[in-house]
Structure formats: C-alpha cells, structure tokens
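Trainee: Give the three-dimensional model of this entry:
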Amino acid sequence: MTYNRADLEAIHRASFPLGVSPERMIMNFRALARILFGAALTLLGLLWLLQGADLIHIRPILCVANCTPLEGGSVGWMTAGAVLLVVGLLVITSGVRGRRV
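Mentor: As a prediction, the model looks like this:
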C-alpha cells in the first residue's frame, strides 16, 4: 500500500498531537537537563570561589570530629571554585545551543 504526502502528514499529526516528535522532546529534555546541571555547577563554583576569597563564612554543618571553621581565605578553594564556575557556564552554553562542548 502506498501513501501520498497528505496521508503521511495526517498520520504524523495524529501520532504527535502536540506537533513535537519524540526525538525533538528528548533533545529538549537533554538541553534542559544540561542547563539545570550547569546552573548547579555554576552556583557551587561561585560559592567555593567566594568562600576561598574569604567573602562568605558558613559554619560546618556535619562534622565527625571537632570541626573548626577555616580562618582566612584559601587559594585552593578559590581556584576550584573558579574552574567549576567556568565549567558550569560551558555546560549551560552547550544546553542553550543544543550542542555538546
């Protein structure tokens, strides 16, 4: 049995009532997941960067031994925060563009 173009379009519209194919929905979901994951990485990187620069002070929440807050800034945490901030922004950019970086 052979279908003409009008029949195929009608079948396509009936199969996807919202007008979006499953492949397109999966790509949109992946892009949204990348954006959300990148936002989480960016926020965590910003937190580490500001803590390393000694601009934010947060007390330890869960300690196994006698935990004391670090006094002063930390170059290591500041560097890790800056790197994670950049990685998070790259992941967000890849989600917005819909491509992988």
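
Trainee: where does this structure have low pLDDT?
Mentor: Applying pLDDT under 70 to the chain flags residues 1, 8, 10-26, 69-70, 99-101.

Trainee: change it to 80
Mentor: 1-28, 59-71, 98-101 (pLDDT under 80).

Trainee: State which helix of it is the longest.
Mentor: Ranked by residue count, the top helix of the chain under DSSP state H comes out as helix 22-52.

Trainee: which other helices and strands contact the helix or strand following that one?
Mentor: The helix or strand immediately downstream of helix 22-52 is helix 75-97, counting by DSSP states H and E. If you count contacts as 3 or more C-beta pairs under 8 Å, 6 or more residues apart in numbering; DSSP states H and E, helix 75-97 packs onto helix 22-52. Just so you know, the C-beta spots here come from the backbone N, C-alpha and C atoms, and that holds for glycine as well.

Trainee: distance between the helix it packs on and the chain's centre?
Mentor: Distance of helix 22-52 from the chain centroid (C-alpha atoms, centre = their mean, to the nearest Å) equals 1 Å.

Trainee: So for that helix, what gets flagged as buried?
Mentor: 31, 34-35, 38, 41-42, 45-52 (16 or more other C-beta atoms under 10 Å).

Trainee: between it and helix 75-97, how many degrees?
Mentor: Helix 22-52 and helix 75-97 are oriented at 160 degrees to each other (axes from the mean of the first three to the mean of the last three C-alpha atoms, to 10 degrees).

Trainee: Which elements pack onto helix 22-52?
Mentor: The contact analysis (3+ C-beta pairs under 8 Å, 6+ apart) places helix 22-52 against helix 75-97.

Trainee: just how off-centre is the helix it packs on within its chain?
Mentor: 10 Å.

Trainee: Dump that helix to PDB, restricted to CA.
Mentor: The C-alpha coordinates for helix 75-97 follow below in PDB (Å, rounded to 0.1, in the frame of the first residue of the first chain):
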ATOM      1  CA  VAL A  75      43.700  29.700  47.300                       C
ATOM      2  CA  GLY A  76      42.900  26.100  46.600                       C
ATOM      3  CA  TRP A  77      39.100  26.600  47.200                       C
ATOM      4  CA  MET A  78      39.200  29.800  45.200                       C
ATOM      5  CA  THR A  79      40.900  28.000  42.300                       C
ATOM      6  CA  ALA A  80      38.500  25.100  42.400                       C
ATOM      7  CA  GLY A  81      35.500  27.500  42.500                       C
ATOM      8  CA  ALA A  82      36.800  29.400  39.500                       C
ATOM      9  CA  VAL A  83      37.300  26.200  37.500                       C
ATOM     10  CA  LEU A  84      33.900  24.900  38.400                       C
ATOM     11  CA  LEU A  85      32.300  28.200  37.600                       C
ATOM     12  CA  VAL A  86      33.700  28.200  34.100                       C
ATOM     13  CA  VAL A  87      32.800  24.500  33.600                       C
ATOM     14  CA  GLY A  88      29.200  25.300  34.700                       C
ATOM     15  CA  LEU A  89      29.000  28.200  32.300                       C
ATOM     16  CA  LEU A  90      30.200  26.000  29.500                       C
ATOM     17  CA  VAL A  91      27.600  23.300  30.300                       C
ATOM     18  CA  ILE A  92      24.900  26.000  30.300                       C
ATOM     19  CA  THR A  93      26.100  27.300  27.000                       C
ATOM     20  CA  SER A  94      26.000  23.800  25.500                       C
ATOM     21  CA  GLY A  95      22.500  23.400  26.700                       C
ATOM     22  CA  VAL A  96      21.300  26.700  25.300                       C
ATOM     23  CA  ARG A  97      23.000  25.900  21.900                       C
END
